[in-house]
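Novice: With the input below, show me the fold.
(2 chains)
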Amino acid sequence: MKSNSAVSSNKKETWSGGGVKPFGASYGKMMMWFFIVSDALTFSGFLAAYGLTRFKFIDSWPIADEVFTHVPFVHGEYPMIYVAIMTFILIVSSVTMVLAVDAGHKMQKNKVAWYMFATIIFGIIFVGSQAWEWNTFIKGSYGAVKTTEGKILQFVNEEGKQIALADFVTSERLDGREQHTKKNGLWFVEEPTIATYSIDQIITSYNAHPEVQVRTELITDQKKKTILSREEGSAQLAKTKLVVEGANLEVNEYGNTIFADFFFFITGFHGFHVITGILINIIIFFNVILGTYEKRGHYEMVEKVGLYWHFVDLVWVFVFTFFYLV
Amino acid sequence: MGHAHESNTKKIWIVLIILTVITGVEVWLGILKPDFLYLSNFLGTSWLNWIFIILTLLKAYFIAWSFMHLEGEKTWFRRAIVWTPIFLICFLVTLLLIEGGYVYDTLGPLVKW
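Specialist: Sure, this is the predicted structure:
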């Protein structure tokens, strides 16, 4: 066994450039910074592509605070509140990370461990919130229809406030469709989930409810979505080809499909970074507990994973601005 | 680790307060959306959006300088890390946004509403 154990030799510094530290930064720290710079450029590429697409559809882009309005366990609409809480959680996790690094400089093992632990917990809360946000977005809140021209039509009441399909669609389905299931004897037949309401049913209910109006994606001078008159709405509804409930990579009840695509892609890529960060933090947390860095004589590893964790926070600040605020 | 490691716990809490206040202001403005800011236009977008972007850059500054401890790094190391991406990002964003605006000007009139 003795031959297997790592032996510290005087020459081990050759692996870190012979102990030379350009710019006073160690090998590992400098490489972490270079990785962060390249990763920052990757994220910028995605956000810039989002910007290009948004400028391309500048007159019909979904209005963010009409899309992200939900807070868990609370009814009603509170635009941006939840995502603000998420942002705060991530900032706090950054703070506990800095405190861990700070305690590391003072060689306070227990403090480092506790602050790392707090960072991990806040990270998990953030990812959980992100998952909730995705789930809410995928399920959708109102429902809409898509026309043969690929436009999304939503429904509003007389006050111009958006209402859900369930709020005014009554009567029978009219097309007699039911989801194909084995239970009904349809073996080896598969189909995507069919919408709760049929197209005919929605049009019939629209005609029966004079207070309901149709809203298009087009943004007016007042930066509101255009509300059509009853007749225009009727004409647009006649072109319906699909009932949309929620959002996925192919359709999006909130408007442009590519908005949903970018949302899933960019927040997903960021969420992937957070998950990676949590895993690395957990590894380092156990190393701290085992006393690895105590034996090594310094806590620079905590500093390096700290850099990565702050970078994740830094990216979120931009994602938050460009997806939810601007 | 060429620099001194004085404890700066107090500064960390101050930065936390600053970041929280900036986020609070952003959300408050985002919910309120005052018309004179929201419906205005300056260099292709509203004043409100410019405020959001400036506040975001301010937050990014605090995170990078204080939390990532860039202030403690050697001057030219810091400059290499900061100004390289800033230059490349400005370049890319400017070109892509101009391109996006051009695509809208060209294709927008062809879309029937």
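Novice: Relative to residue A:276, how far out is residue A:123?
Specialist: 10 Å (CB to CB, to the nearest Å). Every C-beta, even on glycine, is put in place using the N, C-alpha and C of the backbone.
Novice: which of those two has more neighbours?
Specialist: Between residue A:123 and residue A:276, residue A:123 has the larger neighbour count (other CB atoms under 10 Å in any protein chain shown), namely 25 against 12.
Novice: Which of the helices or strands spans that one?
Specialist: Taking DSSP states H and E as the definition, residue A:123 sits inside helix A:109-139.
Novice: That helix close to chain B?
Specialist: No - using CB under 8 Å from any CB of the partner chain, helix A:109-139 never reaches chain B; the gap is at least 10.7 Å.
Novice: residue closest to the middle of chain A?
Specialist: The residue lying closest to the centre of chain A (CA atoms, centre = their mean) is residue A:267, at 3.5 Å.
Novice: Wait, a strand at that residue?
Specialist: No - remark: residue A:267 does not belong to a strand; assigned using DSSP: H, G, I helix; E, B strand; the rest coil, it is helix.
Novice: Confirm for me that it is in contact with residue A:319.
Specialist: Yes - taking contacts as CB atoms under 8 Å, residue A:267 lies within contact range of residue A:319: 6.4 Å.
Novice: Show the average pLDDT along the helix holding residue A:123.
Specialist: Averaged across helix A:109-139, the pLDDT comes to 96.
Novice: list the helices and strands the helix or strand just after it packs on?
Specialist: Using DSSP H and E, the helix or strand that follows helix A:109-139 towards the C-terminus is strand A:144-147. On a contact count with 3 or more CB pairs under 8 Å, 6 or more residues apart in numbering or on different chains; DSSP states H and E, strand A:144-147 meets strand A:152-156, strand A:240-244.
Novice: what's in contact with the helix or strand following the first one?
Specialist: Where DSSP H and E defines the elements, the next helix or strand beyond strand A:152-156 is strand A:162-163. The contact list for strand A:162-163 (CB atoms under 8 Å, 6 or more residues apart in numbering or on different chains) reads A:66, A:142, A:154, A:155, A:156, A:157, A:212, A:215.
Novice: Which of the residues in the helix or strand just after strand A:162-163 are classified as buried?
Specialist: Remark: after strand A:162-163, the chain's next helix or strand is helix A:165-168, criterion DSSP H and E. Using 16 or more other CB atoms under 10 Å in any protein chain shown as the test for burial, helix A:165-168 gives A:165, A:168.
Novice: any residues touching helix A:165-168, and which ones?
Specialist: Residues contacting helix A:165-168 (CB under 8 Å, 6+ apart): A:142-144, A:155, A:157, A:196-197, A:202, A:205-206, A:209, A:212, A:243, A:245.
Novice: and with 7 Å instead?
Specialist: A:142, A:143, A:155, A:197, A:202, A:205, A:209, A:212 (CB atoms under 7 Å, 6 or more residues apart in numbering or on different chains).
Novice: swap in stretch B:99-110?
Specialist: A:51, A:52, A:53, A:54, A:55, A:56, A:58, A:59.
Novice: give me that answer again for 6 Å
Specialist: A:52, A:55, A:56, A:58 (CB atoms under 6 Å, 6 or more residues apart in numbering or on different chains).
Novice: same deal with stretch A:38-57?
Specialist: Contacts of stretch A:38-57 with the rest of the structure, by CB under 6 Å, 6+ apart, involve A:61, A:256, A:258, A:262, A:266, A:315, A:322, B:85, B:89, B:92-93, B:96-97, B:99-101, B:103-104.
Novice: A strand includes residue A:217, no?
Specialist: Yes - assessed by three-state DSSP, residue A:217 belongs to a strand.
Novice: Tell me the pLDDT of it.
Specialist: Predicted confidence (pLDDT) for residue A:217: 94.
Novice: Contacts only, for it.
Specialist: A:60, A:152, A:255.
Novice: which among those residues gets closest to chain B?
Specialist: In terms of CB to the nearest CB, no member of these lies closer to chain B than residue A:60, at 8.1 Å.
Novice: Look at the closest one and tell me its secondary structure.
Specialist: coil.
Novice: Excluding chain neighbours, give the residue nearest to residue A:184 in space.
Specialist: Once flanking residues are discounted, residue A:184 sits nearest to residue A:178: 6.9 Å by CB to CB, 6 or more residues apart in numbering or on different chains.
Novice: Residue B:89 too?
Specialist: The nearest residue in space to residue B:89 (CB to CB, 6+ apart) is residue A:44, at 4.5 Å.
Novice: With residue A:217 instead?
Specialist: Distances taken as CB to CB, 6+ apart put residue A:60 closest to residue A:217, at 4.0 Å, once the chain neighbours are dropped.
Novice: give the contact list for residue A:139.
Specialist: Residues near residue A:139 by CB under 6 Å, 6+ apart: residue A:246.
Novice: Now do the domain split for the chain, please.
Specialist: Since no chain was named, I'll use chain A. Residue ranges for the domains of chain A, per automatic domain parsing: A:26-140+A:259-325, A:144-245.
Novice: look at chain B instead
Specialist: For chain B, automatic domain parsing gives the domain ranges B:1-72, B:74-113.
Novice: quick one: buried residues of the shortest one?
Specialist: Taking 16+ other CB under 10 Å as the neighbour-count basis, domain B:74-113 is seen to contain the buried residues B:77-78, B:80-82, B:85, B:89, B:92-93, B:96-97, B:100-101, B:103-104.
Novice: Return the distance of that domain from the chain's centre.
Specialist: 13 Å (CA atoms, centre = their mean, to the nearest Å).
Novice: Could you pull up the mean pLDDT of whichever strand or helix holds residue B:11?
Specialist: Secondary structure assignment for residue B:11, by DSSP H and E: helix B:9-32. The average pLDDT within helix B:9-32 is 93.
Novice: What count of nearby residues applies to the residue in the stretch 101-250 of chain A that chain B sits nearest to?
Specialist: Residue nearest to chain B within the stretch 101-250 of chain A: residue A:105 (3.9 Å; CB to the nearest CB). Other residues near residue A:105 come to 19 when the count uses other CB under 10 Å.
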